[in-house]
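J.: 3D model of this:
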Amino acid sequence: MRVMLWTVGCLLLTLTGGATAQTDARPEFEVASIKPAAPDARGMFIRPTPGGRVNITNMTLKELIVIAWRIQPFQISGGPAWLDSVHYDIAAKSEDSSKPSEMPLMLQSLLKDRFQLTLHRETKELPIYALVMAKKDGKLGPRLTESKEGGCTPLDPSKGPPPPEPGKPPTLGCGGLFMQPRLLRGTGVTIDRLIPMLSRLLGRTVVDKTELTGKFDITMEWTPDEFQSMQLPPDLPKPPSADPAGPSIFSALQEQLGLRLESQKGPVEIFVIDHAEKPSDN
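T.: Numbers count the residues shown, from 1 in each chain. Next comes the predicted model:
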């Protein structure tokens with residue numbers, strides 16, 4: 001989907017949870033400029049603009065890998081000491097005929113060419129979570145309701161979502177997701193859209209075993225622990241002091257959505273960085 005502003009927070013909600021397939025002929029940006037980000041830069045952004053242009057602001061190589069291969073940070077192993085500390089601004093242009101869905105593959109090409117990035121994949125048997133129904137009768141929680149026909153406004157893919165009014169959450173169209181440090185809202189979304197967010201917050205692969213189909217309206221509130229707060233993308237605002245009496249994300253899933261996280265073991269794909277270099281300024 002083409003949007004005019006992507007933040008890292010939005011991107012993690014649109015990740016499929018699976019790595020982008022490799023192809024022999026990778027699409028590439030026509031031109032790209034890479035420079036160190038300003039020392040006082042705040043937030044990390046990706047802004048597609050008309051004419052096949054993409055501006056990436058204040059992003060580390062690690063986050064770029066996360067977006068390019070559609071994986072989670074915990075799936076990355078190895079790499080140089082500056083992998084998650086040196087931030088870059090990138091201005092790139094692709095052909096006008098390129099599709100927004102090709103952006104991750106073009107970013108892969110850029111990282112391999114300009115950062116001299118090489119990596120390989122390994123599969124390890126690791127702890128994972130299975131998202132299952134909390135009740136045997138399959139009853140949904142009070143904040144997970146089936147979407148009604150005509151209950152949301154379809155988004156125009158050419159325009160993206162409208163910007164929110166100051167001090168107010170964004171208006172969600174069909175399929176829209178919005179996350180703050182303690183709040184998740186979704187309108188007309190499938191359950192698998194929750195998986196990338198849960199995986200990142202919990203630092204563990206999550207697989208959907210609810211067998212729920214269809215689209216749902218979702219509202220979930222919880223109190224993140226210290227680890228979960230550290231996993232949030234840095235473009236999201238820091239939450240106010242947490243209410244120690246607030247529900248954990250595990251309790252919120254069960255009590256509010258009627259879902260449960262079950263600890264299991266399963267195969268997890270790990271991306272091992274073999275080599276990376278800082279790009280020259282240009």
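
J.: hey, let's count contacts and neighbours off CA atoms from now on
T.: Fine.

J.: Distance check, the nearest residue to residue 198 once chain neighbours are set aside against residue 196.
T.: Using CA to CA, 6 or more residues apart in numbering and skipping the chain neighbours, the partner closest in space to residue 198 is residue 206 (6.8 Å). Distance, residue 206 to residue 196, by CA to CA, to the nearest Å: 8 Å.

J.: what do you get for residue 39?
T.: Taking CA to CA, one finds residue 39 at 30 Å from residue 196.

J.: Show me how this protein divides into domains.
T.: Following automatic domain parsing, the chain resolves into domains at 6-122+270-275, 125-267.

J.: Same drill for residue 39 and residue 196, tell me which one is more crowded.
T.: For residue 39 versus residue 196, neighbours defined as other CA atoms under 10 Å are more numerous around residue 196 (25 against 9).

J.: Just confirm that one is within a helix.
T.: Yes. With DSSP: H, G, I helix; E, B strand; the rest coil as the criterion, residue 196 is part of a helix.

J.: Let's have the domains of the chain in JSON lines, adding mean pLDDT and distance to residue 281.
T.: Rendered in JSON lines, the data for these read as follows (pLDDT from 0 to 100; distance: least, CA to CA, whole Å):
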{"stretch": "domain 6-122+270-275", "mean pLDDT": "85", "distance to residue 281": "5"}
{"stretch": "domain 125-267", "mean pLDDT": "84", "distance to residue 281": "24"}
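
J.: What number of residues are in the vicinity of residue 263?
T.: 12.

J.: Can you tell me the element the closest residue to residue 266 other than its chain neighbours falls in?
T.: Setting aside the residues directly before and after it, residue 266 is nearest to residue 125 in space (CA to CA, 6+ apart), at 5.2 Å. Using DSSP states H and E, residue 125 falls within strand 118-133.

J.: Sheet-wise, list the partners of that strand with their directions.
T.: Sheet partners assigned to strand 118-133 using DSSP bridges are listed as strand 206-208 (parallel), strand 259-275 (antiparallel).

J.: With that, I have no additional questions.
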